[in-house]
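Trainee: Quick one, what's the 3D model for this:
(2 chains)
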Amino acid sequence: DAGITQSPRHKVTETGTPVTLRCHQTENHRYMYWYRQDPGHGLRLIHYSYGVKDTDKGEVSDGYSVSRSKTEDFLLTLESATSSQTSVYFCATNDRNKSYNEQFFGPGTRLTVL
Amino acid sequence: KNEVEQSPQNLTAQEGEFITINCSYSVGISALHWLQQHPGGGIVSLFMLSSGKKKHGRLIATINIQEKHSSLHITASHPRDSAVYICAARIQGAQKLVFGQGTRLTINP
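Mentor: Purely as a prediction, here's the structure:
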């Protein structure tokens, strides 16, 4: 357990509103990731970070932005939420110099966009 | 075609049976992860391997690098093993994972 928390755990919002999800880790891991999980698609990478202020896009990044101003926090923002962004969002961390580079996952955030 | 393919997608078995879940990948990897996700959502790492075999309790994971294939075995399966099992490949030279679609395992008492 890498001490990863996500907030909020559940959110219902309306189309067009901005939404920010927070991932917080206590293990000082260098790498952090945001995934979404949808039936029939498995886990898909949205954005990832390889250090403070260093981020890059994943395979499904359209409509999402991220920020990492501190090692422990990685924020995912939906600028204008759409119904297609209804999903379960997982944060994950790893560090090649720690814990044998195993990847640890947060508990997930269930987002519903009406 | 997905870079990581799992089979079967769904598997139902009786308690006590030997279970095998397969994972094939088409990319160069530095490691292969097996993850478990129980109903209710949490994802837990079971194994990370780059060669050979690893064992933890009743779970065994193997990998054949030449054939680009990995298997997860469960011996003496139990209803508490019911979960979705996910294979994920760590791309060579990167830290990102590419995931299979998961295998939903149901063990009936």
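Trainee: interface residues of chain A facing chain B?
Mentor: Residues of chain A found near chain B (C-beta under 8 Å from any C-beta of the partner chain) are A:31, A:33, A:40-45, A:48, A:50, A:58, A:88, A:90, A:94, A:96, A:100-105, A:107-108, A:110. For every residue, glycine as well, the C-beta is placed using N, CA and C.
Trainee: and stretch B:13-20, how far from the chain's centre?
Mentor: Computed by C-alpha atoms, centre = their mean, to the nearest Å, the chain-centroid distance of stretch B:13-20 equals 15 Å.
Trainee: Then stretch B:4-12?
Mentor: That offset, for stretch B:4-12, works out to 9 Å (C-alpha atoms, centre = their mean).
Trainee: Is it possible to mark the buried ones in the residues of chain A next to chain B?
Mentor: Using 16 or more other C-beta atoms under 10 Å in any protein chain shown as the burial test, the residues of chain A next to chain B include A:31, A:33, A:42-45, A:48, A:58, A:88, A:90, A:94, A:101, A:103-105, A:108 as buried.
Trainee: Nearest to B:V84 among the residues you listed?
Mentor: Among those, A:G42 lies closest to B:V84 (C-beta to C-beta), at 9.4 Å.
Trainee: Quickly note the distance from the closest one to A:V52.
Mentor: 29 Å (C-beta to C-beta, to the nearest Å).
Trainee: just B:P79 next, same as before
Mentor: Counting by C-beta to C-beta - B:P79 and A:V52 are separated by 45 Å.
Trainee: Kindly report the same for B:P8.
Mentor: Counting by C-beta to C-beta - B:P8 and A:V52 are separated by 42 Å.
Trainee: tell me, what residue is most central in chain A?
Mentor: For chain A, the residue nearest the mean C-alpha position is A:W34 (2.7 Å; C-alpha atoms, centre = their mean).
Trainee: what about it, helix or strand, and which?
Mentor: Using DSSP states H and E, A:W34 falls within strand A:31-38.
Trainee: Excluding its own residues, what touches that strand? List them.
Mentor: A:21, A:23, A:25, A:43-50, A:58, A:60, A:64, A:66, A:68, A:74, A:76, A:85, A:87-96, A:103, A:108, B:95-97 (C-beta atoms under 8 Å, 6 or more residues apart in numbering or on different chains).
Trainee: Over to stretch B:56-66?
Mentor: B:32, B:34, B:46-47, B:49-55, B:69-78, B:81.
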